[in-house]
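Asks: 3D, please:
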Amino acid sequence: MAQDSGSSTPESGSSPKGDAAESPAGEDMTMREQVLDIIESILADSDARSEGVRNNLRALLDARPDDPERALLEHLLETRKTPGSTVKVPVQREAASLHLESSDIARTVSVPVSHEVREGIQSILADKLLLTAFQPVHALPGGEVVGVEALTRFVGEDGAGADVWFNEAAAAGLGTELEIAALHCALTAANDVPERMSVALNLTPATSRDPRVRNLLAAAALAPDRIIVELTGSLDAVGAQTGNDGLGPLRALGLRLAISASGAALVSMERIEQLRPDIIKLDRHLIEGIESNDGQKTRAMAMVELAREIGADIIAEGIETAAELNEVTALKVTAAQGYLLGRPSVRPLDWSAWSIRAQTEAQPAG
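Replies: Numbering: from 1, shown residues only. Next up is the predicted model:
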């Protein structure tokens, strides 16, 4: 549902943040490692009822020793066909379901799509698997993990990033359907995020107005005050998000609204004041090399001051170096995320570990 915050935001305003990385080689390595983690978790499951499933995965790995991604994908597709393996979700729509057996792995969920668009989405996402990774968000200056951001991943043999697939879906008129599917997946995965953490979800302005989004968010197991909706892309046509408009009813219950104030789709201060978000984000375009760029420092300082004036928090994304972290800390940014602080993970145990580590670090030395 978003890109890794160690990289630049795609310039297209038609899609949620993609899942581009610091470098193609780095992203390939990260995806391979996560696929191997998933495979290891499945094979480590000791439940006798899933022994046949594990044996099938072993056979697929033996047949494709150099392509674990394809082996995992075939395993998941076969699992989908197995009676009783489908995840049940409270969405009254036709669904294509994929399920993993272990509790310590990335879980895919039923993707809610209407009957008339199902074929279209499947043709775009042929042989793709929709997963949610989460990246930790650290409070500054203390460093404790206070939230996560949902990042959509597609496991497939061509290795295309999420931004590619969101853009292609948008070009085919199916962007909203794919965004809602990713939102549904993220909300389901978020059930395993520790309760003390907020969960940020990315949506384009157009999709945020879809009634299904409001219904999904209202029905989510997460408390409204844990949910952050980040509007991505151009905000020129964004309507009011207060009162009975847009996400206004959910904001009244505690849901928070975030917008990006830098990058390819620059947002004016006047526009920010009109939208009055709860969180202003400074993305990688503004953060990269900020310690040595006076222009970037000036713009960041202006955004920090505006955030104070409207009562918003401010988060720096894409922190990759200690110098960048030191600079945004000095600017009194509320929180930060990026590869320096923590890479995205699809594993629930990692999400819990962030919380445990934060609690341990917060305890006074005895």
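Asks: what's the closest non-adjacent residue to R256?
Replies: Leaving out its chain neighbours, the residue that sits closest to R256 by CB to CB, 6 or more residues apart in numbering is D278, at 3.8 Å. (Glycine included, C-beta is placed from N, CA and C.)
Asks: V146 versus that neighbour, what's the distance?
Replies: Distance of D278 to V146, given as CB to CB, to the nearest Å: 14 Å.
Asks: rewinding a little: hang on, the residue nearest to R256 packs against I259?
Replies: No - if you go by CB atoms under 8 Å, D278 and I259 don't touch, sitting 9.5 Å apart.
Asks: For these two, work out which one has more neighbours and name it.
Replies: Neighbour count, other CB atoms under 10 Å: between D278 and I259, I259 has more, with 24 against 19.
Asks: what's the pLDDT at the more buried one?
Replies: pLDDT recorded at I259 is 90.
Asks: Adjust the sequence numbering to begin at 585 for everything that follows.
Replies: Got it, first residue is 585 now, which makes that one I843.
Asks: Tell me what it is bridged to.
Replies: Legend: beta-bridge partners of I843 under DSSP bridges are L815, I864.
Asks: Run through the residues that contact it.
Replies: By CB atoms under 8 Å, 6 or more residues apart in numbering, the residues touching I843 are E814, L815, L819, V851, I856, L859, P861, I863, I864, K865.
Asks: Tell me which residues touch the first one, please.
Replies: Think E814. Contact analysis of E814 by CB under 8 Å, 6+ apart lists A586, E733, A784, L785, N786, L787, L841, A842, I843, S844, I863, K865.
Asks: Around the fourth one, count how many other residues there are.
Replies: Here the neighbour count serves as a burial measure; for L785 (other CB under 10 Å) it reads 28.
Asks: Tell me how far L800 lies from T791.
Replies: To T791, L800 is 11 Å away according to CB to CB.
Asks: which of those two has more neighbours?
Replies: Taking neighbours as other CB under 10 Å, L800 and T791 compare with T791 leading, 24 against 19.
Asks: quick one: contacts for that one?
Replies: Taking CB under 8 Å, 6+ apart, we find T791 in contact with G759, T760, E763, I764, V797.
Asks: just for the chain, where's the confidence low?
Replies: Under the criterion pLDDT under 70, the flagged ranges of the chain are 585-599, 601-615, 618, 660-713, 740-744, 821-827, 829-830, 846-851, 941-950.
Asks: those strands in it, which residues are they?
Replies: Remark: strands assigned in the chain by DSSP state E are 679-680, 695-696, 713-723, 729-739, 782-787, 811-815, 840-844, 863-866, 897-900, 919-920.
Asks: and the residue lying closest to Q880 once chain neighbours are set aside, how many neighbours?
Replies: What sits nearest to Q880 in space, not counting adjacent residues and going by CB to CB, 6+ apart, is I874, at 4.5 Å. Neighbourhood size, I874 [other CB under 10 Å]: 23.
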